[in-house]
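> Sharing a sequence plus its predicted fold:
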Amino acid sequence: MSQQKDSYLVADISELEHLYGAPSQPSLAKEVDFIHTVYSKFIALSPFIVLATGSRDGLDTSPRGDAAGFVVVEDKKTLLIPDRPGNNRIDSLRNIIDNPQVAVFFLVPGAGESLRVNGRASISVNPDLLARFVINGKLPRSVIVVNVDTAFFQCSKAIVRSDLWNPEKRIDRTELPSTGTMLAELSKGSIDGVAYDQAMPKRISETLY
């Protein structure tokens, strides 16, 4: 069975290109090596990104969110992303130190298109830079500086297929286990799930920034 399954694997670039055909002209024209003004507008309206990083140990994606425009276009080749308090796993930051290549995926609620930016990142704790991202008197832990290699928008097909922004498709949160329930099960009871859930709203509000 495994040999039969392996015979269907696509492992050659030429075979892959034959399978899918040539990319369309618009799909190539939309890619640039800087932040175009049309992309700056998209970034300014985005309150949510996914940061992809990698290291010798593997790959990681990390959600980042804040008020729309929290990612700053410093210039056509540079993005600034404040790193707010989290769980201190710092997976993305560890990866950036090991391998600076990153990808940033921008979403704008209500928009079908998304934006993809690829580049190389570094981590700055320059006081002047941190001060630009102060909220409620609190500084980010660091700022991720992305030197842009490529930027291009993604068409709306994925959003249309998923019906992502349709409010009627939002689930009742009770359809999923609570955060505390998941932690209790994953920790085999060493974490009190009920207490975790009860404390979570206050903890989030006090540690958001």
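Looks like it arrived, so ask away. Numbering: from 1, shown residues only.
> Residues contacting stretch 92-111, please?
Stretch 92-111 is contacted from outside by 42-43, 45-57, 60, 62, 68, 71, 79, 81, 83, 114-123, 142, 144, 146, 156, 159, 165, using CB atoms under 8 Å, 6 or more residues apart in numbering. No exception for glycine: its C-beta is placed from N, CA and C like everyone else's.
> Can I take it that residue 27 is in a helix?
Yes - using DSSP: H, G, I helix; E, B strand; the rest coil, the secondary structure at residue 27 is a helix.
> ok, it - how many residues close by?
The burial count assigned to residue 27 is 12, neighbours taken as other CB atoms under 10 Å.
> Give me the subset of the contacts of stretch 92-111 lying in helices.
42, 43, 159 (DSSP state H).
> element containing the closest residue to the last one other than its chain neighbours, please.
Beyond its immediate neighbours in the sequence, the residue positioned closest to residue 159 (CB to CB, 6 or more residues apart in numbering) is residue 112, lying 4.5 Å away. Following DSSP states H and E, one finds residue 112 outside all helices and strands.
> Let me see the domain layout of this protein.
Taking automatic domain parsing as the criterion, the chain consists of the domains 24-162, 171-207.
> Ends of the first one, what's the gap?
Across domain 24-162, the terminal residues are separated by 23 Å (CA to CA, to the nearest Å).
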